[in-house]
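[1] structure of the sequence below:
(one chain, ligands or ions: 2)
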Amino acid sequence: MAIKRLTKQRRAVLEVVQNAKGHHPDAAWVYAEVRKKVPRISLGTVYRTLDALIAEGYLVPLSRPGEAVRYEANLDGHLHMVCRQCGQFFDIIHPLPDLLSEVRARYPEFSIEHVQVEYEGLCPACRAQDP
Ligand SMILES: [Zn+2]
Ligand SMILES: [Zn+2]
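    Ligands and ions are numbered 1, 2, ... in the order given. Got it, this is the predicted structure:
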């Protein structure tokens, strides 16, 4: 039974992040949402489940220094704009040139494992507050 419950919790956590399209929730938000479906889940279990889902390739962590990790369920390789005030990540859905393939082709001796490109600035909501 323990395994079945774990699977149900894992699915619930993954669904919450997937349904938060474009929102890139942090663990606290995921915890609040998952509890609506799985009331007895603990915050520790949510963190462990998120880590497991990252390890299994279902989620990607979005981290910035001094901020809670946010979680991405959209794995199509899109880029982000990040607000320096509220820390939210916004998807860039405009098609972009495949720089990674180009850089790999140009520097084949370097084994690239991870790319992180962010466009930083102020989001519309924060601009409205602080003109
Ligand atoms: Zn903002
Ligand atoms: Zn995104």
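
[2] from here on, just use CA atoms for contacts and neighbour counts.
    Will do.

[3] tell me the SS of residue 11?
    Look at residue 11: counting by DSSP: H, G, I helix; E, B strand; the rest coil, its state is helix.

[4] could you number the chain from 647 rather than 1 from now on?
    Sure thing, new numbering starts at 647, so read that last one as residue 657.

[5] quick one, what contacts it?
    Contacts for residue 657 were tallied using CA atoms under 8 Å, 6 or more residues apart in numbering; there are none.

[6] gap between it and residue 680?
    Between residue 657 and residue 680 the distance is 10 Å, computed by CA to CA, to the nearest Å.

[7] can you check residue 741 too?
    Separation of residue 741 from residue 680 (CA to CA) stands at 33 Å.

[8] and what of residue 774?
    Taking CA to CA, one finds residue 774 at 32 Å from residue 680.

[9] try residue 667
    Distance from residue 667 to residue 680, by CA to CA: 15 Å.

[10] which parts of this structure are helices?
    Taking DSSP state H as the criterion, the chain carries its helices at 648-665, 673-683, 689-701, 745-752, 770-775.

[11] take those and lay them out in CSV including distance to residue 710 and mean pLDDT.
    Below are these laid out as CSV (distance: least, CA to CA, whole Å; pLDDT from 0 to 100):
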stretch, distance to residue 710, mean pLDDT
helix 648-665, 18, 82
helix 673-683, 14, 96
helix 689-701, 17, 95
helix 745-752, 21, 89
helix 770-775, 18, 94
